[in-house]
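Asker: Here is the input, now give the coordinates:
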Amino acid sequence: MDLTVFFALLGGLLVLAFIANRLVRFTRVPDVIILMATGVVIGPVLHWVNPDIFRTVTPGLGSLALILILFEGGLDLKLREILRHFGAGFFLSLYSYVLCMAGVAAVCRLLLHLSWVNALLAGAVLGCISSSTLLPVLQQVFLRRDVQVVLLVEAAFGDAVAVLSVTTLLDVAAGGSAAPKAIAWSLISSMILAIACGVLAGMLWSYLLPVLSEERFWHVLTFAAVLLVYCTVHFLKGNDLVAVLFFGLTLSNFPAVRQRLHLDENAGSSWFRETPIKGHQGGAPINQRDQMLTFHGELAFLLRTFFFVVLGMLVDYSGLRKNLLLALLCFAAILIARTLTVQTGRLAWRDFSSLERELMVWFVPRGLITAVLAIEVLETRGLALSFLPPLAFALVVLTNVTLLIGTFRARYLPAPQLRTSEAD
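Answerer: Now for the predicted structure:
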């Protein structure tokens, strides 16, 4: 592709993303849906762009956008919110994934006569929600804060649970063994490591930032710290995405904790105090937390715009036609499993209304992680699972349609629930 054409395309897409983002409050259609639809139009429909050009860089773009979205989400969370809803979100993530995985595996076993290992691999690939798709939608749909936090926690754990499950099943398929205790310990230890690293890094950075923020480009330095936290935890075999979430959460809340524990009477309760920053015009005070949210939010906006358009371009329509019946049955299994999860786990979210529980059923998008895992399993297991990548693309399309349904249903929430409430 000509470089000038690429720049023109990127500029046009950013204008479209800006307009779509501003129209959310009127149309109730998340900009993610519009961006993916744009990718479908300029790719498979009109063939203006060859998606193969971007196929190799898409996973990296998606991961980077997700890192920024999770860090921004952590900065915007209150400590009491995460403590109150962490158990419910983690339970939803694990329970929903297991039931969806079992449902899809049963469909593949009965319809395609696969071995149980291959059927479970298919279920493991298709069972998880896509956090990179769901998190931006949660920022734009007017849900009650309690519901948002539960879904945010679920999304933060979704990708990690899927990767762990697929890796374990591939090891079993290759002749290894996986004891339930070993799997449980691997999951728990990765979470403990991630939370510990994220909290410790956040505490350290909260002490350094009042000094560093007097220099230029301190936002870029914080972005570098986010990437280093992610890579360090990944290298240590921890849950890297959860570490990023808790890094942002600690940065946002640790100064208030220091003040309450009388460790630092001067620590501002709203993160850093509004103090003049060197080089700022007139020395006028500005809120550094808001600055950080703005910088990382705009960077995430740029990356996810490109990512979701490319994801739309990668839709495989030939695979959709060949695997339509299988995709519809797997899709039905996912919705049934999700409904069972939400209804049987009502004690975990007993304060949610019936409509809010319904929205939890609709919010089950699949995305990049599904496609990436499908390709990985195909390369490892061979032709026996050749149907998996096209099926993954089909479910990406179908589950994002349900996401759109959920956003429209959200407009019927009572007026008091449309407002984002502050933590107690």
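Asker: And for Leu170, the neighbour number?
Answerer: Neighbours of Leu170 under the rule other Cβ atoms under 10 Å: 17. C-betas here are computed from N, CA, C, even on glycine.
Asker: my guess is it contacts Asn118, does it?
Answerer: No - under the criterion of Cβ atoms under 8 Å, Leu170 is not in contact with Asn118, lying 10.8 Å apart.
Asker: Could you tell me which residues touch both of these two?
Answerer: Overlap between the neighbourhoods of Leu170 and Asn118 consists of Arg381, taking contacts as Cβ atoms under 8 Å, 6 or more residues apart in numbering.
Asker: Tell me which residue is most central in this structure.
Answerer: Using Cα atoms, centre = their mean, the residue of the chain that lies closest to the mean C-alpha position is Ser131, 1.9 Å off.
Asker: Find the nearest non-adjacent residue to it, please.
Answerer: Distances taken as Cβ to Cβ, 6 or more residues apart in numbering put Ala155 closest to Ser131, at 3.8 Å, once the chain neighbours are dropped.
Asker: pLDDT of the host helix or strand of the one you found, averaged?
Answerer: The secondary structure element spanning Ala155 is helix 145-173 (assigned by DSSP states H and E). This predicted structure assigns helix 145-173 an average pLDDT of 84.
Asker: Which strands or helices does it pack on?
Answerer: Using 3 or more Cβ pairs under 8 Å, 6 or more residues apart in numbering; DSSP states H and E as the contact criterion, the neighbours of helix 145-173 among helices and strands are helix 58-75, helix 79-112, helix 116-126, helix 131-138, helix 180-212, helix 240-260, helix 354-362, helix 368-381.
Asker: Let's have these in TSV, adding mean pLDDT and distance to His47.
Answerer: Formatted as TSV, the helices and strands packed on helix 145-173 follow (pLDDT from 0 to 100; distance: least, Cβ to Cβ, whole Å):
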stretch	mean pLDDT	distance to His47
helix 58-75	80	18
helix 79-112	90	32
helix 116-126	92	28
helix 131-138	80	25
helix 180-212	83	42
helix 240-260	82	35
helix 354-362	92	32
helix 368-381	81	20
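Asker: Quick one: closest of those helices to Val310.
Answerer: Val310 lies closest to helix 58-75 among the helices and strands packed on helix 145-173, at 5.2 Å (Cβ to Cβ).
Asker: what does the closest one contact?
Answerer: By Cβ under 8 Å, 6+ apart, the residues outside helix 58-75 that reach it are 131-132, 135-136, 139, 152, 156, 159, 226-227, 230, 241, 244-252, 289, 292-293, 296-297, 299-300, 303-304, 306-307, 310-311, 314, 367-369, 372.
Asker: among those, which ones are buried?
Answerer: If you count burial by 16 or more other Cβ atoms under 10 Å, the buried members of the contacts of helix 58-75 come out as 131-132, 135-136, 139, 152, 156, 159, 226, 230, 241, 244-252, 289, 292-293, 296-297, 299-300, 303-304, 306-307, 310-311, 314, 367-369, 372.
Asker: how about stretch 397-406: buried residues?
Answerer: Within stretch 397-406, the residues scored as buried using 16+ other Cβ under 10 Å are Val397, Leu398, Thr399, Asn400, Thr402, Leu403, Leu404, Gly406.
Asker: I am finished for the moment; much appreciated.
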